[in-house]
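Visitor: Generate coordinates for the sequence data below:
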Amino acid sequence: MHFAFPVSPEHPQDGRIDALALNATMFIVGVVAGLVGQTSSLIADALDMLADASAYAIALGAIGRSTRFKAGAATLSGSLLR
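Guide: Numbering: from 1, shown residues only. Below is the predicted model:
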């Protein structure tokens, strides 16, 4: 099954903002649950969510910027998601 957020042509960044908010929230929930449950696997998963949220934030920052800026943003994002 495939789910997709509707993206407005006037505001293409809206889907990225939703994804950023969701990943940031899941990061916080995961860290709290990992600390309360004393499980490093939940904390590790939360850190992965933080990397995803960072990549979305970088993508949002690159909207409307120069090609050179976008290339640098893609390099940074790729290194975070490695």
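
Visitor: Helix or strand next in line after the helix or strand encompassing residue 32, which one?
Guide: According to DSSP states H and E, residue 32 maps onto helix 14-37. Per DSSP H and E, the first helix or strand lying C-terminal to helix 14-37 is helix 40-62.

Visitor: Show residues contacting that next one.
Guide: 13, 16-17, 19-20, 23-24, 26-31, 33-35, 69-70, 73-74, 76-77, 80-81 (CB atoms under 8 Å, 6 or more residues apart in numbering). Using the backbone N, CA and C atoms, a C-beta is placed for each residue, glycine as well.

Visitor: go with 10 Å
Guide: Residues from elsewhere that reach helix 40-62 (CB atoms under 10 Å, 6 or more residues apart in numbering): 13, 15-37, 39, 69-82.

Visitor: got any ranges where the chain has weak pLDDT?
Guide: For the chain, the stretches with pLDDT under 70 are 1-12.

Visitor: run the last query once more with 50
Guide: Counting by pLDDT under 50, the chain has low-confidence residues at 2.

Visitor: For the helix or strand hosting residue 79, which residues meet the burial criterion?
Guide: Element membership of residue 79 [criterion: DSSP H and E] is helix 67-80. With burial defined by 16 or more other CB atoms under 10 Å, the residues of helix 67-80 counted as buried are 70, 73, 77.

Visitor: Rebuild these as a markdown table, extending it with distance to residue 47.
Guide: Below are those laid out as a markdown table (distance: CB to CB, whole Å):
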| residue | distance to residue 47 |
| --- | --- |
| 70 | 26 |
| 73 | 21 |
| 77 | 16 |
